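Student: Here's a sequence, model it:
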Amino acid sequence: MAAQSPENGTGDGRITVEALDDECFLIRNLLTLEEQARLCEYIELHDKTPSNLPRAMVPAPKTLLIGEDGAPTRGYTCGEKTVVNAMVEKGAAVLQAHGLNVVRGLDVSRYSSLSVAVIRYEAPDGRFPPHVDHCDESFVFLASLGRTANFMVKGPSMDEQRHFKFCSGDLLVFNASTRAALLHGVTSIDETSSESGELLASRFPVLRTHRYGVQCRIYLGHGTSRA
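Tutor: The predicted structure is shown next:
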């Protein structure tokens, strides 16, 4: 059952939290339109992906080069004042408000560092095959921006796959360890978007035909995420 939080201020509805699996949570309407815009500005500022490459017949999802020296990730420590830290901390605060921040003794509000990567999907054929992450003592905070993604998850406690619309401003949080075995993937991208996504696309034209998946991987151990 979904629990509700105060309105997020975009006009798209209330923030809701749904436990899809014991270690996977979907937060609807987490990010306001301005918070989504700040993430897009962050991506534009750091993206060094070549733009003059030939377009493929069926474009594959593209991991943007947002890190130093052409790397695909950037890293931060807990407490840094960045838009990605703010997104993680807002999501963790919502989970904490509903008593969902501690999973098998791991508190997602007490991370040591994080890494961020961005994947750009073109509508309608953008997809990412179902897979399981293998990164122990970490959780993924995955935000969607722009076009609506058709997403799938399947956890060990679920009887069948769960397919859902992953809208602009939503956040998915899940345990990324091998033990958690959370199968997840993108099946396609809608050529339409939510009200929030359409407003965002009016400011960032790339999102009229694309979706950004903003993946923040938080580390709860002593590993470093600098990249």
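
Student: what stretches of this protein score poorly on pLDDT?
Tutor: 1-12, 53, 56-58, 222-227 (pLDDT under 70).

Student: Give the helix, strand or coil label for the residue sitting nearest the centre point of it.
Tutor: For the chain, the residue nearest the mean C-alpha position is Leu142 (1.7 Å; C-alpha atoms, centre = their mean). Classification of Leu142 using DSSP: H, G, I helix; E, B strand; the rest coil returns strand.

Student: same thing with Asn85?
Tutor: Going by three-state DSSP: Asn85 is helix.

Student: Count the residues that sit near it.
Tutor: 19 (other C-beta atoms under 10 Å). (C-beta placed from N, C-alpha, C; glycine too.)

Student: so where do the helices sit in the chain?
Tutor: Counting by DSSP state H, the chain has helices at residues 33-46, 83-97, 195-203.

Student: Let me see the contact set for the residue nearest to the centre of the chain.
Tutor: Residues near Leu142 by C-beta atoms under 8 Å, 6 or more residues apart in numbering: Leu171, Leu172, Val173, Phe174, Gly213, Val214, Gln215, Cys216.

Student: measure it to Asp69 for me?
Tutor: 25 Å (C-beta to C-beta, to the nearest Å).

Student: How about Ala180, nearest residue that isn't a chain neighbour?
Tutor: Glu23 (4.9 Å; C-beta to C-beta, 6 or more residues apart in numbering).

Student: contacting residues for that neighbour?
Tutor: Contacts of Glu23 by C-beta under 8 Å, 6+ apart are Val103, Arg104, Gly155, Phe174, Asn175, Ala180, Leu182.

Student: which of those residues are buried?
Tutor: Listed as buried from these are Val103, Gly155, Phe174, Asn175, Ala180, Leu182; burial here means 16 or more other C-beta atoms under 10 Å.

Student: The residue nearest to Phe204 when sequence neighbours are not counted: neighbouring residues, count only.
Tutor: Among residues not flanking Phe204 along the chain, Cys40 sits closest, at 4.7 Å (C-beta to C-beta, 6+ apart). Neighbours of Cys40 under the rule other C-beta under 10 Å: 22.

Student: got it, and Pro59?
Tutor: 13.

Student: Relative to Gln161, how far out is the closest residue to it other than its chain neighbours?
Tutor: Leaving out its chain neighbours, the residue that sits closest to Pro59 by C-beta to C-beta, 6+ apart is Glu122, at 4.7 Å. Glu122 sits 24 Å away from Gln161, going by C-beta to C-beta.

Student: Which one of the two is surrounded by more residues?
Tutor: The residue with more neighbours, out of Glu122 and Gln161, is Glu122; 19 against 14, by other C-beta under 10 Å.
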